[in-house]
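Engineer: Give me the fold of what follows.
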Amino acid sequence: MKGLQVVLGANGGAGRAVVAELAARGARVRAVSRTGQDESLRGVEYVRGDATDPASMRAVCSQAAVVYHCVNVPYPQWQRLLLPIAHSVTDGAAAAGSKLVVMDNLYTYGPPGGPMTETDPRAARGPKGRLRVQLEEFFLESHRRGRLPLTIARASDFYGARGNSQVMILAVNPALRGRRAFWPGNRDVPHTLNYLPDVGRALATLGEREEALGEVWHLPAAEALTGRQFMQIVFETLGRPMRLGVITRPMMRFVGIFSPLVREAVEVLYQFERPFVVDSAKFARAFGANVTPHGEAVRQVAQAAMLRKTSGRSA
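Structural biologist: Predicted structure coming up:
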């Protein structure tokens, strides 16, 4: 890949995934996070940066050919920080004369009536979903006005080594530790899950392809499975009988009395209470759809967890 590739939010799930993919492609990469520290990959420069500070963003984006915006903050900080971060990141990328690839989620659509496509109405009902609609409008308007060329990538819940989605925190990680797993909402409806290395590969593709610009793209994923089906793969991979409970809406509301993070998550629990399936045919037609089957992805996640455990014991 030509030119400097700058990844913002490089310590998060999507950020780490695209850094790893870009490094594997032999690109010159600058990985930006609040700490500036992470695992060392060949060809990667790790630097500190504050996405809320326009001056910091202009500095870290300097000379970039492509900037990948993978910054996120905890739910309770969304209303206060996400729009200022969007302005700061866009300012930094525009000052560098670079392309911008924005990592987004699916909240803009609200509760789906079927498989979600990029042309679905923006029907978000809650404050977080409506905020994501505002962000989409801001980014696409920046592109239309010629401020900078950009594209928006959307994915469902991530899973993978060091991922921190609800699926990882509540279900996969406990299973890896030999504990009871919990699935939010309804474990018997299909739900699209995006494996992080696939996300990194797709983001890198969007960064290098000119025809991606000015568009919204759903990132490809393996087939949608029910929570029960997915966790059966996890437990079979681990060689253990499945122990899978459910976290219901009343349970989340009760816990939310004491936890602002859980209280905020109730708004988007609909994603796990009804079929939540992403149609990524647009991406597949344009760029192909190279995805990892769930069985292989889970094997890789379990292997990475075992390596971390062994490394921790030997340290």
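Engineer: C-alpha from now on. contacts and neighbour counts both.
Structural biologist: Noted.
Engineer: Identify each buried residue in the helix or strand encompassing residue 132, please.
Structural biologist: Following DSSP states H and E, one finds residue 132 within helix 127-144. By neighbour count on 16 or more other C-alpha atoms under 10 Å, the buried set for helix 127-144 is 128-133, 135-136, 138-140, 142-143.
Engineer: Any regions of the stretch 201-315 of the chain where pLDDT drops low?
Structural biologist: Low-confidence segments of the stretch 201-315 of the chain, defined by pLDDT under 70: 311-315.
Engineer: Strands along that one, start to end?
Structural biologist: Secondary structure of the stretch 201-315 of the chain by DSSP state E, counting those that start in this stretch: the strands cover 216-218, 225-226, 244-247.
Engineer: deepest of these, which one?
Structural biologist: strand 216-218 (a mean of 24; mean count of other C-alpha atoms under 10 Å).
Engineer: partners of that strand, with directions?
Structural biologist: According to DSSP bridges, strand 216-218 has the following sheet partners: strand 150-154 (parallel).
Engineer: name the helices or strands packed onto whichever helix or strand comes after the strand it pairs with?
Structural biologist: Where DSSP H and E defines the elements, the next helix or strand beyond strand 150-154 is strand 157-159. Counting contacts by 3 or more C-alpha pairs under 8 Å, 6 or more residues apart in numbering; DSSP states H and E, strand 157-159 packs against strand 193-195.
Engineer: what's the average pLDDT for the strand it packs on?
Structural biologist: Mean pLDDT, strand 193-195: 98.
Engineer: list the contacts for residue 123?
Structural biologist: Contact analysis of residue 123 by C-alpha atoms under 8 Å, 6 or more residues apart in numbering lists 108, 109, 110, 111.
Engineer: mind running it again at 10 Å?
Structural biologist: Going by C-alpha atoms under 10 Å, 6 or more residues apart in numbering, residue 123 touches 107, 108, 109, 110, 111, 112, 129, 130, 133.
Engineer: Strands of the stretch 51-200 of the chain, start to end?
Structural biologist: 64-69, 99-104, 150-154, 157-159, 181-184, 190-191, 193-195.
Engineer: would TSV of those with mean neighbour count and distance to residue 242 be doable?
Structural biologist: Putting the strands of the stretch 51-200 of the chain into TSV (neighbours: other C-alpha atoms under 10 Å; distance: least, C-alpha to C-alpha, whole Å) gives the following:
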stretch	mean neighbour count	distance to residue 242
strand 64-69	26	37
strand 99-104	24	32
strand 150-154	24	31
strand 157-159	22	19
strand 181-184	23	8
strand 190-191	23	18
strand 193-195	26	19
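Engineer: what's the closest of the ones you listed to residue 34?
Structural biologist: Nearest to residue 34, of all the strands of the stretch 51-200 of the chain, is strand 64-69, at 13.7 Å by C-alpha to C-alpha.
Engineer: Summarise which helices and strands that closest one is packed against.
Structural biologist: Judged by 3 or more C-alpha pairs under 10 Å, 6 or more residues apart in numbering; DSSP states H and E, the packing partners of strand 64-69 are strand 4-8, helix 13-24, strand 28-33, helix 78-96, strand 99-104, strand 150-154, helix 196-208.
Engineer: Quick check: can you name the pairing partners of the third one and their directions?
Structural biologist: Sheet pairing here is set by DSSP bridges, and for strand 28-33 it gives strand 4-8 (parallel), strand 44-48 (parallel).
Engineer: Please identify the deepest-packed of those strands.
Structural biologist: strand 4-8 (a mean of 27).
Engineer: Alpha carbons only: can I get that strand in CSV?
Structural biologist: Taking C-alpha atoms only, strand 4-8 is exported to CSV below (Å, rounded to 0.1, in the frame of the first residue of the first chain):
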residue,chain,number,x,y,z
LEU,A,4,1.6,6.4,5.4
GLN,A,5,-1.4,4.6,6.9
VAL,A,6,-2.6,6.2,10.2
VAL,A,7,-4.8,4.2,12.5
LEU,A,8,-6.6,6.1,15.2
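Engineer: What sits closest to residue 147 if chain neighbours are left out?
Structural biologist: residue 94 (6.5 Å; C-alpha to C-alpha, 6 or more residues apart in numbering).
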